[in-house]
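Trainee: this one's sequence-less:
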């Protein structure tokens, strides 16, 4: 058997590893989640009690070697002796944003309906938009977050400089030259192949951290 053939993982192997990874992660109630795999694409089904567990399950599946993509069909159904009201969620969400020193909470508005948070407003950097959503997703009782925050930088980026700076940052962060960066106006497009989902997420984070960037198109593939 060649080295290439031996490196290919079967769907059964990936399924077992995903189940083991979900059982290993204390943030995930793995007994409530079903896992199927077809051609390296993992589908997660079942029910969890909050958006944070759903997010943790997806990230757990992405960590497994050989996973090409993850389809998230998990349903969020909050449970507990005392239901969390939308009013309580709105208060908790507002405080979560206010307590995060990296989020301009005064420029953001949120509404809550049936446990789902709708986030609106403006920020200067894309990473602020991502940070705000991450804070809200962690709140107990939240079923999901719709992030409609707009990124409005104070200055337009210099395309050539932004591209060079991003390429250097990617080389420092994930140590690969297999990622190409294109900058058109205030939009960054990432293309190429990375080894893991972690590297893909890191590339996305680096791109959103660039000054003047309003949108990131992450077209990176996870492969060998």
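Mentor: Happy to help now that I have it. As the structure is a computational prediction, the values presented were derived from the model and not from experiment. Residues are numbered from 1 along each chain as shown.

Trainee: Mind splitting the protein into its structural domains?
Mentor: 3-76, 86-151, 159-222 (automatic domain parsing).

Trainee: Now tabulate those in TSV and tack on mean pLDDT and mean neighbour count.
Mentor: Using the backbone N, CA and C atoms, a C-beta is placed for each residue, glycine as well. As requested, the domains of the chain are exported to TSV (pLDDT from 0 to 100; neighbours: other CB atoms under 10 Å):
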stretch	mean pLDDT	mean neighbour count
domain 3-76	87	17
domain 86-151	93	17
domain 159-222	89	17
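
Trainee: got the residue ranges for the strands in this protein?
Mentor: Per DSSP state E, the chain carries strands over the ranges 33-38, 41-48, 69-76, 108-113, 116-123, 144-147, 150-151, 179-184, 187-194, 215-218, 221-222.

Trainee: Let me have those in TSV, extended by distance to residue 13.
Mentor: Formatted as TSV, these follow (distance: least, CB to CB, whole Å):
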stretch	distance to residue 13
strand 33-38	9
strand 41-48	12
strand 69-76	16
strand 108-113	42
strand 116-123	36
strand 144-147	32
strand 150-151	40
strand 179-184	27
strand 187-194	21
strand 215-218	27
strand 221-222	16
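
Trainee: Count the neighbours of residue 156 for me.
Mentor: Residue 156 has 12 neighbouring residues, counting by other CB atoms under 10 Å.

Trainee: any idea how far residue 39 is from the most centrally placed residue in the chain?
Mentor: The centroid of the chain falls nearest to residue 201 when counting by CA atoms, centre = their mean (7.1 Å). According to CB to CB, to the nearest Å, residue 201 and residue 39 sit 22 Å apart.

Trainee: and if you look at residue 32?
Mentor: 25 Å.

Trainee: go on, residue 187?
Mentor: 31 Å.

Trainee: go on, residue 212?
Mentor: 39 Å.

Trainee: And for the biggest helix by length in the chain, what's in contact with it?
Mentor: When the chain is parsed with DSSP state H, its longest helix is helix 159-174. Around helix 159-174, the neighbours that count as contacts under CB atoms under 8 Å, 6 or more residues apart in numbering are 176-177, 179, 181-185, 188, 194, 199, 202-203, 206-207, 209-213.

Trainee: what do you get for stretch 192-199?
Mentor: By CB under 8 Å, 6+ apart, stretch 192-199 touches 59, 62-63, 65, 67, 174, 176, 178-180, 200, 203, 220-224.

Trainee: Right, I'll call it a day here.
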